[in-house]
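> Give me coordinates for this.
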Amino acid sequence: MGTRDRILDAAVDVLRTRGQAGATTKEIARAAGCSEGSLYTYFATKADLLHAVMAEKLPPFIPLISALLERAGEDTVPDHLEEVARVAVPYFVEMTPLAVTVLASPDLNESVRQQGLGPQRANQIVASYLRLEQRLGRIRPEASVEAAAALLLGACQQRAMQGQFLGRAPNPADDDRFVKDLVATLTGGLTPGV
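Have a look, this model is predicted:
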């Protein structure tokens, strides 16, 4: 494993175990077994390091939802939304420490906003997918795709945060039931003729 990957893995570990306050570049470098200056060989800023962690070390949520736009009209809407929710829950579990770090730092928060990243981006992508399905007649024309995206992703984020707060270990069977119930409830209000 190269130095860059060791740094990314160390950043994830430090964020998980030490939280936002302990996620200093000095502590990340120590955990990676390199000098603090080495971090800046690979990442110009701490924000760049955190962006790389989000893009490369978290469950593949953003690539999955981005690919949805090309899959509109294929399979079923509930199948696509279940797939999104199944990846979203573990993504939000992993994302929480990073989100806290970003929210606690005005500079990092501004950097994330300037790059067009943040929770609104996922909602926009899912809403765009739902809008395409709406145009294909697979979602009621009067349904609010923005509200549907917010309900889907908000419920997944809330489940992830609640599980972390309660110290609940991941349980794929429980998560699968949650995902099926969530999507069935949500699509009941989206499906034409229902």
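> from here on, contacts and neighbour counts on C-alpha atoms
OK.
> can you pull out the helices in the chain?
Secondary structure of the chain (DSSP state H): helices at 3-22, 25-32, 36-42, 46-56, 61-71, 77-104, 106-114, 119-135, 145-166, 172-188.
> Mind putting the ones you listed into JSON lines with mean pLDDT?
Formatted as JSON lines, the helices of the chain follow (pLDDT from 0 to 100):
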{"stretch": "helix 3-22", "mean pLDDT": "83"}
{"stretch": "helix 25-32", "mean pLDDT": "91"}
{"stretch": "helix 36-42", "mean pLDDT": "90"}
{"stretch": "helix 46-56", "mean pLDDT": "79"}
{"stretch": "helix 61-71", "mean pLDDT": "88"}
{"stretch": "helix 77-104", "mean pLDDT": "84"}
{"stretch": "helix 106-114", "mean pLDDT": "69"}
{"stretch": "helix 119-135", "mean pLDDT": "91"}
{"stretch": "helix 145-166", "mean pLDDT": "92"}
{"stretch": "helix 172-188", "mean pLDDT": "93"}
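> Just put these in a markdown table and tack on mean neighbour count.
Shown next, in a markdown table, are these (neighbours: other C-alpha atoms under 10 Å):
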| stretch | mean neighbour count |
| --- | --- |
| helix 3-22 | 18 |
| helix 25-32 | 19 |
| helix 36-42 | 15 |
| helix 46-56 | 18 |
| helix 61-71 | 16 |
| helix 77-104 | 20 |
| helix 106-114 | 15 |
| helix 119-135 | 19 |
| helix 145-166 | 17 |
| helix 172-188 | 15 |
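> quick one, what contacts the residue nearest to Ser35 when sequence neighbours are not counted?
With sequence-adjacent residues excluded and distances taken as C-alpha to C-alpha, 6 or more residues apart in numbering, Ser35 is closest to Ala29, at 5.6 Å. Neighbouring residues of Ala29 by C-alpha atoms under 8 Å, 6 or more residues apart in numbering: Ile7, Ala10, Ser35, Glu36, Ser38, Leu39.
> With Arg30 instead?
Glu36.
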